[in-house]
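**Student:** mind looking at a prediction? Sequence and model below.
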Amino acid sequence: MIKVNNLRYKYQKSKDYTVNGIDFQINEGEIFGFLGPSGAGKSTTQKVLIKLLRGFEGEIEYQGKPLNSYDDQFYQDIGVSFEMPISFSKLTALENLEFFQRLYKKTVDLAPLLKRVGLWDDRHKKAGEYSKGMKIRLNFIRALINDPMFLFLDEPTNGVDPANSRIMKDMILEFKQKGGTVFLTSHIMGDVDELCDRVAFIAEGKLREEGSPRDLKLKYGRRTVTMEYRENGELHTRIFTMEEIKSPAFFKLLQEKEIETLHSGETTLEEIFIKVTGVKLRA
Amino acid sequence: MPNLRALIQGEFIRLNKYNLFAANFVVLLFWVFLVWFLEGDVLRQFIPVIFLMDSVMMTILLVGATLFYEKKEHTINSVMVTPVTENEYLLSKILVNALNSLITVAFISLAVYLIKGVTYNYWLLVPAVLLVTVVHTLIGIRLSYSAKDFTSLLINYMIYVFVFVLPPVFAQFGLIDASVARFFILLPPEASSILIASGFADVELWKILFSYGYLTLLSMLMYWFSVKPMFNEYMMKEMGV
Ligand SMILES: Nc1ncnc2c1ncn2[C@@H]1O[C@H](COP(=O)(O)OP(=O)(O)OP(=O)(O)O)[C@@H](O)[C@H]1O
Ligand SMILES: [Mg+2]
């Protein structure tokens, strides 16, 4: 369980706070999505949470104890994948993983992980000769080799093909099912919608909104149904509230007209993102 | 320090894969090549220079090259989110370089013996080389901290050589007055030179003792007051991920 209270962080070089007073809580066994426009401070927050950037203001608690009271043994239970894939380019994928594996007390078998993400056949290839997607997958399983309790994933599926993205998402969900806790940032709203139990939106260093994807969609969506139908060759659109769809008028149209589309007014995370952060998604 | 072994092993694998061993080996072959052509007194004066160059110059360059790669590939960030402590990380660098210097001593000494039949006091040489390597690993790390790329590390290195190595050389040629030159023992390369020379010729005991004490103290001071405190700042600068 992670508790963050009035967290502020300023890079030495910059004059403004990159993270400017945010509060949130990540409950045990949930996937927490941290969303926001490019440059909002998501990766910065992740690096503060994993004790890489020191000198933050405010409070961060892990399992009820302040982050600063943990020594490097803290990392025995933490798995991290950075925004950019990192590896020793001249070592093979397997050598990379084996090096990191030796630094932990507890480790898992590499073969099943490598096979799962489709890197087994290329395990003896140098990491530097991997494609971008392969590097990202390598970094993803590197985060799992110590059988962590917490996973910090900075845009884990960014740049991965749909099939492998599916596999990685399944692995993240399985990690959660086994009781793991995940802090995840992503710009892929479909992934966030599918994976996250709760999300928070950060913009300009502040949290703008927080909640489960479902609750947010209800909050920001319109409780309406939009009907499009054709009459005498012309397209008509009618909008009904959730109360009105119980009315005879709605049923009459359903029965008599040639209905082309029928949509509920529930919104998407993407629209919520744009609304609460005031910024368009990265292309 | 349970991770030390794993770190050292990893470092050796990387020195090998990143061809730094190969580069080091080429330099060693070059020394052997020179030894081949030297005889008598010139040879006996030249051998300590090999060990001095190796434990000063090669140490700084090797540690600089490994830090440069770690910076370039951001792998230092990855290592720092494992249970590895700063002390383990820094100590692994020191020990790897110390082991490397021992390999050099063994290789060169064997070659010199086989080719020329020359021997010297290994019992005095080995500890001298080890201490000199430790100091210069720390100096190498420190120089890398304030270098933004490998070129600027080389420049820092040249400045180091210029400021600390040249004065004693000038003094030898009588270009600097002996009353000033007395204090050159305080320059790390000069103290190093004295220690290494003790394996080959008679050196005044006080100079040996002083150099050991001085370089040991310097290592400790550099570790605690320069290298370790700056490590975190260096890490922050690394944060390109
Ligand atoms: N090492 C650094 N030194 C100074 N400023 C930095 C550093 N790293 C990031 N920043 C600044 O902090 C701000 C937040 O960056 P951060 O990487 O946290 O954004 P992000 O939300 O992860 O964006 P993205 O979605 O593009 O990954 C940016 O303005 C960035 O320029
Ligand atoms: Mg980011």
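**Tutor:** Cool, the structure landed. Ligands and ions are numbered 1, 2, ... in the order given.
**Student:** surely A:K51 touches A:D71?
**Tutor:** No. A:K51 lies out of contact with A:D71 (CB atoms under 8 Å); the separation is 9.7 Å. For the C-beta atoms, the positions are set from N, CA and C on the backbone; glycine is no exception.
**Student:** which one's more surrounded, those two?
**Tutor:** Taking other CB atoms under 10 Å in any protein chain shown, A:K51 and A:D71 do not tie; A:K51 has more neighbours (20 against 10).
**Student:** which residues touch that one?
**Tutor:** A:L67, A:Y70, A:F74, B:V81 (CB atoms under 8 Å, 6 or more residues apart in numbering or on different chains).
**Student:** what does B:S211 give?
**Tutor:** Counted by CB under 8 Å, 6+ apart, B:S211 has contacts B:I185, B:A191, B:S192, B:I194, B:L195.
**Student:** what about the fourth one, which helix or strand?
**Tutor:** With elements delineated by DSSP states H and E, B:I194 resides in helix B:188-197, which encompasses its position.
**Student:** output the helix or strand that that helix is followed by as CSV - backbone C-alpha positions only.
**Tutor:** For helix B:188-197, the following helix or strand on the C-terminal side (DSSP H and E) is helix B:205-222. What follows is helix B:205-222, C-alpha atoms only, in CSV (Å, rounded to 0.1, in the frame of the first residue of the first chain):
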residue,chain,number,x,y,z
LEU,B,205,61.9,4.1,4.0
TRP,B,206,60.2,7.3,5.1
LYS,B,207,59.1,8.0,1.6
ILE,B,208,57.5,4.6,1.2
LEU,B,209,55.8,4.9,4.6
PHE,B,210,54.7,8.4,3.9
SER,B,211,53.3,7.5,0.4
TYR,B,212,51.4,4.5,1.8
GLY,B,213,49.9,6.6,4.5
TYR,B,214,49.2,9.5,2.3
LEU,B,215,47.5,7.5,-0.6
THR,B,216,45.5,5.5,1.9
LEU,B,217,44.2,8.6,3.6
LEU,B,218,43.6,10.2,0.2
SER,B,219,41.5,7.2,-0.9
MET,B,220,39.4,7.4,2.2
LEU,B,221,38.9,11.1,2.0
MET,B,222,38.0,10.9,-1.7
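**Student:** can you pull the buried residues of helix B:205-222?
**Tutor:** B:I208, B:F210, B:S211, B:Y212, B:Y214, B:L215, B:L218, B:S219, B:M222 (16 or more other CB atoms under 10 Å in any protein chain shown).
**Student:** what distance do you get for the last one to B:P188?
**Tutor:** Note on B:M222: its distance to B:P188, by CB to CB, to the nearest Å, is 10 Å.
**Student:** over to the fourth one?
**Tutor:** From B:Y212 over to B:P188 the distance is 13 Å, taken as CB to CB.
**Student:** hey, where'd the helices end up in chain B?
**Tutor:** B:4-17, B:20-37, B:40-53, B:59-72, B:75-80, B:86-116, B:122-145, B:150-164, B:166-172, B:178-181, B:188-197, B:205-222, B:228-238 (DSSP state H).
**Student:** select, out of those, the one closest to ligand 2.
**Tutor:** helix B:75-80 (13.7 Å; CB to the ion).
**Student:** other residues contacting that closest one?
**Tutor:** For helix B:75-80, using CB under 8 Å, 6+ apart, the contacting residues are A:52, A:80, A:82, A:86-88, A:100, A:103, A:142, B:69-70, B:89, B:235, B:238-239, B:241.
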